[in-house]
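Trainee: sequence plus predicted model, see below.
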2 protein chains.
Amino acid sequence: MKTVALAGGVGGAKLADGLANLLPSSDLTIVVNTGDDFEHLGLYISPDLDTVCYTLANLVDPVKGWGRENETWNFLENLTALGGPTWFQIGDKDLATHIERTRMMKAGQRLSEVTKQFCKSWLIGPRVLPMSDDPVRTIVNSDEGSLAFQEYFVARRCEPDVTGFEFDGIEKAVPAPGVLEAIKDADLIVFCPSNPWVSIDPILKLKGVRRSLENKFVIAVSPIIQGKTIKGPAAKMYQDLGVEPSALSVFDHYSDILDTFVIDDLDANLAEKITTPVLVTNTIMKNRQDRIDLARKIIEFCSMH
Amino acid sequence: MKTVALAGGVGGAKLADGLANLLPSSDLTIVVNTGDDFEHLGLYISPDLDTVCYTLANLVDPVKGWGRENETWNFLENLTALGGPTWFQIGDKDLATHIERTRMMKAGQRLSEVTKQFCKSWLIGPRVLPMSDDPVRTIVNSDEGSLAFQEYFVARRCEPDVTGFEFDGIEKAVPAPGVLEAIKDADLIVFCPSNPWVSIDPILKLKGVRRSLENKFVIAVSPIIQGKTIKGPAAKMYQDLGVEPSALSVFDHYSDILDTFVIDDLDANLAEKITTPVLVTNTIMKNRQDRIDLARKIIEFCSMH
């Protein structure tokens, strides 16, 4: 079953990894949010792409779900000693990714080309595509004003009250080469359990993406379980925006494009309120087997619908 | 005795450290060659400044004489895995220096300002000045053509036959703020045992430096002992250029500006051929005490002449 997964950070990466362990590599394309990308210390940093790639390559820190396993922090410690900006944590291994990506991009390569080469180096089977080679920057509007995403997310620890979102550059940006083609060829589109507002929406708002989904079979996995997220600010964002955070709100968020929906066993009581077929299963991915099980259930469920 | 030391890399840094351990901080200024500086991986790298500062801060790798003690190499290892350019070795701790320096310079600070702040962070007492805030780039002309210094020194391991040197930008460059003033105020100028061709000459060729030395008491320490160097290509450069490598050749190199000269005990037989007063002593600095001893002998010797 030719599958395209849309993914953001940690939760998305886990399901992408489950799918990668289940499907033949040639049948899976993962399209990753780049709205969180930013420049820091002169480096082009793409947090979601890195989380997805590190996870697929089995290089990721298994406890945090992002960054590198057995990471060392000598760079950051010494940057601290020099009084440099250390609000964004970069480990020594991770730094190689940012420096080499920046070097390649300054030499004229596109983000998608760099990503392709990195995936080759890291022996990643499925195709990983940034949503766009053009800059799209998520801006969080809040009671503290407009904040660049990483400023809101890392520096301000998601504390400001969110009033809305903007995606700078989204009108001019086009999907990266291969994104629309992969969707066109796909039998199944999976919205991973990523943040609807700032991980999946930026991808959906790209020119041509929403239209390309119209005749496709689309399934979404709720990142909200019992009103909360495993990780990240999605629940708080709904709350701030005056919407009760729940799997139902996520369903409403996407309802015009969904064919099916996945909620966690813990939210089983919500199933009857969902107007498409719904898969009720464990969506909490504590280990690789959980990821593969969820991926398998999604594939099986979609085969039947 | 107010002292200005001109220094290049490892040998120069060792004597500078000896002087720093002997003289009151306010009496010592170290002017460092920047002709070896270059851009690599988008970073501004200043090898001699780093070697001098790491040595003075007691952060240097005591075995290699450059780079950081207890360094880790996770960045470089992961850069290798991505197929990045790894001919120039950068450790994880060292990387913080290059990244923060580059960040500060891109934000508009001059190399001398960055150096001043780094010295403060590293608790370095004496003043360390880059020779210039303007770009000067040492070019090695050779039988393989014109090579940027680091290309000759690191990538080509000093193998090409040297035919001469150029210092790109030297005509336009001016000494960094404080350099000429420090020389004017100094009682003593010390040419550290650094490479005459590519460490000391670039400093001397800067506008106003040679003239500022005319009425000063100048002593040089030969980096060549028994026809060889402890480290670096100075002896090979003399050879390639058709000059027998020896302390005498170093003396001739500087003779028009020297008041006294220092040769190693092992070269004692050359003393009679030197036309200024000459200090014959141990110049091989195996440990900190050797550095301090040499510094003390130089200061004492110059006090008497």
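Mentor: Received it, and whenever you're ready, just let me know what you need.
Trainee: quick one: the strands in the stretch 201-305 of chain A?
Mentor: A:218-221, A:224-225, A:228-229, A:260-264, A:278-281 (DSSP state E, counting those that start in this stretch).
Trainee: what residues does the third one touch?
Mentor: For strand A:228-229, the external contacting residues (CB atoms under 8 Å, 6 or more residues apart in numbering or on different chains) are A:11, A:195, A:223, A:235, A:245. Heads up, the C-betas are built off the backbone N, CA and C, glycines and all.
Trainee: residues in contact with the last one?
Mentor: The neighbours of A:Pro245, taking CB under 8 Å, 6+ apart as the test, are A:224, A:227-228, A:234-236, A:238-239.
Trainee: from these, which is closest to chain B?
Mentor: A:Ala234 (31.0 Å; CB to the nearest CB).
Trainee: what backbone torsions are found at the residue lying closest to the closest one once chain neighbours are set aside?
Mentor: Excluding the flanking residues, the one nearest A:Ala234 by CB to CB, 6 or more residues apart in numbering or on different chains is A:Asn195, at 4.3 Å. With angles defined as degrees, to the nearest 10, A:Asn195 sits at phi -60, psi 120.
Trainee: identify the residues contacting A:Asn195.
Mentor: A:8-9, A:223, A:229, A:232-234, A:237.
Trainee: kindly recompute the last result at 10 Å.
Mentor: A:8-9, A:11-12, A:33, A:36, A:48, A:138, A:201-202, A:223-224, A:229, A:231-235, A:237, A:250 (CB atoms under 10 Å, 6 or more residues apart in numbering or on different chains).
Trainee: follow-up on the earlier one: what's the most distant pair in the contacts of strand A:228-229?
Mentor: A:Gly11 and A:Pro245 (14.8 Å; CB to CB).
Trainee: list the ones among the contacts of A:Pro245 that fall in helices.
Mentor: A:234-236, A:238-239 (DSSP state H).
Trainee: for A:Val190, which non-adjacent residue is closest in space?
Mentor: Closest to A:Val190 by CB to CB, 6+ apart is A:Ala5, at 4.5 Å.
Trainee: what's the answer for A:Thr138, then?
Mentor: A:Gly35 (3.7 Å).
Trainee: one more: A:Ile230?
Mentor: A:Gly11 (6.2 Å).
Trainee: secondary structure class for the one you found?
Mentor: helix (DSSP: H, G, I helix; E, B strand; the rest coil).
Trainee: from chain B, how far out is it?
Mentor: Distance, A:Gly11 to chain B, by CB to the nearest CB, to the nearest Å: 25 Å.
Trainee: same question for A:Thr275.
Mentor: For A:Thr275, the distance to chain B - CB to the nearest CB - is 47 Å.
Trainee: I'd assumed A:Asp256 was in contact with that residue.
Mentor: No. If you go by CB atoms under 10 Å, A:Thr275 and A:Asp256 don't touch, sitting 11.2 Å apart.
Trainee: can you pull out the helices in chain A?
Mentor: Going by DSSP H, chain A shows helices at A:10-22, A:47-56, A:74-81, A:92-106, A:111-121, A:149-150, A:179-185, A:201-204, A:209-212, A:234-240, A:247-254, A:288-304.
Trainee: which residues are contacting the shortest one?
Mentor: Put plainly, it is helix A:149-150. Outside helix A:149-150, the residues touching it (CB under 10 Å, 6+ apart) are A:35-40, A:45, A:47, A:87-88, A:137-140, A:156, A:165, A:167, A:198, A:202.
Trainee: mind doing that once more with 8 Å?
Mentor: By CB under 8 Å, 6+ apart, helix A:149-150 touches A:35-36, A:38, A:40, A:47, A:88, A:137-140, A:198.
Trainee: buried subset of these?
Mentor: A:35-36, A:38, A:47, A:88, A:137-140, A:198 (16 or more other CB atoms under 10 Å in any protein chain shown).
Trainee: show me what contacts A:Glu244?
Mentor: With the criterion set at CB under 8 Å, 6+ apart, A:Glu244 makes contact with A:227, A:238.
Trainee: whoops, A:Glu171 was the one
Mentor: Contacts of A:Glu171 by CB under 8 Å, 6+ apart are A:Lys207.
Trainee: state the distance from it to B:Glu144.
Mentor: When CB to CB, to the nearest Å is the yardstick, A:Glu171 and B:Glu144 sit 52 Å from each other.
Trainee: still on that earlier bit, show me which of the contacts of A:Asn195 are buried.
Mentor: Using 16+ other CB under 10 Å, the buried ones in those are A:8-9, A:11-12, A:33, A:36, A:48, A:138, A:201-202, A:223-224, A:229, A:232-235, A:237, A:250.
Trainee: returning to what we had before: now, among the contacts of helix A:149-150, which is nearest to chain B?
Mentor: Of the contacts of helix A:149-150, the one sitting nearest to chain B (CB to the nearest CB) turns out to be A:His40, at 9.3 Å.
Trainee: now do the contacts for the closest residue to the closest one other than its chain neighbours.
Mentor: Using CB to CB, 6+ apart and skipping the chain neighbours, the partner closest in space to A:His40 is A:Phe88 (5.4 Å). Contact analysis of A:Phe88 by CB under 8 Å, 6+ apart lists A:40, A:45, A:150, A:154-155.
Trainee: tell me the pLDDT of the residue nearest to A:His98 when sequence neighbours are not counted.
Mentor: Distances taken as CB to CB, 6+ apart place A:Leu43 nearest to A:His98, at 4.1 Å, with adjacent residues excluded. pLDDT for A:Leu43: 97.
Trainee: and if you look at A:His305?
Mentor: 87.
Trainee: bridged to the residue nearest to A:His98, which residues?
Mentor: Note on A:Leu43: beta-bridge partners by DSSP bridges are A:His40.
Trainee: count the neighbours of it for me.
Mentor: Using other CB atoms under 10 Å in any protein chain shown, A:Leu43 has 21 other residues around it.
Trainee: ditto for A:Thr3
Mentor: 23.
Trainee: contacting residues for it?
Mentor: A:Thr3 touches A:19, A:23, A:27-29, A:186-190, A:299, counting by CB under 8 Å, 6+ apart.
Trainee: ok, and the closest non-adjacent residue to the residue of the stretch 101-250 of chain A found nearest chain B?
Mentor: Per CB to the nearest CB, A:Ser121 is where the stretch 101-250 of chain A lies closest to chain B, at 5.0 Å. The shortest distance from A:Ser121 to any non-neighbouring residue, by CB to CB, 6+ apart, is to B:Leu82 (5.0 Å).
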